[in-house]
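J.: No sequence on hand, only this structure:
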């Protein structure tokens, strides 16, 4: 009987040292985002509104207050245009002019909002679930925007670094992004 109890204790203790659960990894990522002073990354965004798919590439930087600055790096025709996103909305800067814009156009999320929505959901969205995805995890986040349901899925690599996100608006995936060079400072 004592031997059985000892074996059971060893099994339980060995189980505690097993691989970190996906939800723990999701919380570790959230805590790292909330405690950093800056987050930088590039994103290759695809916007699918049904008629065609548009692709953009942005370099992004977000400060501890949640204000994101971005610069368009592709397509060539709008390279160099920059802007700012925050809870209040966004603005684009070009030719020394600032153009304020809403996060919605024609009742759709605008493509350049993708990086901000991705980070905002990681920081404050409801973690509805997590699963293993190769060496990384997939985090399922529920949020809302403009009183509509928003689902954000974030895939990480083996180092718990985000590498891809899909954003579902009104139960349809319309925005996705490959995340590159993700750094927390």
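T.: It's in. Computed from a predicted model, the values in this text were never measured in an experiment.
J.: so what strands line up beside the longest strand along the chain?
T.: If you go by DSSP state E, the chain has its longest strand at strand 172-184. Using DSSP bridges, the strands paired with strand 172-184 are strand 38-48 (antiparallel), strand 162-169 (antiparallel).
J.: tell me how far the shortest one is from the chain's mean position?
T.: In this view, strand 162-169 has its centroid 6 Å away from the chain centroid, taken as CA atoms, centre = their mean, to the nearest Å.
J.: Ok, the longest one next?
T.: For strand 38-48, the distance from its own C-alpha centre to the chain's C-alpha centre is 9 Å (CA atoms, centre = their mean).
J.: roughly how far out does whichever helix or strand comes after that strand sit from the chain middle?
T.: Towards the C-terminus, the helix or strand next in line after strand 38-48, according to DSSP states H and E, is strand 53-63. Using CA atoms, centre = their mean, we find the averaged C-alpha position of strand 53-63 to lie 12 Å away from the chain's own average C-alpha position.
J.: report the angle between the axes of strand 53-63 and strand 172-184?
T.: Inter-element angle recorded for strand 53-63 and strand 172-184: 40 degrees (by axes from the mean of the first three to the mean of the last three CA atoms, to 10 degrees).
J.: coming back round to it: put together CSV for the strands paired with strand 172-184, with mean pLDDT, mean neighbour count and distance to residue 20 on each row.
T.: For the C-beta atoms, the positions are set from N, CA and C on the backbone; glycine is no exception. Supplementary listing: the strands paired with strand 172-184 in CSV, determined by pLDDT from 0 to 100; neighbours: other CB atoms under 10 Å; distance: least, CB to CB, whole Å:
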stretch, mean pLDDT, mean neighbour count, distance to residue 20
strand 38-48, 95, 19, 22
strand 162-169, 95, 21, 17
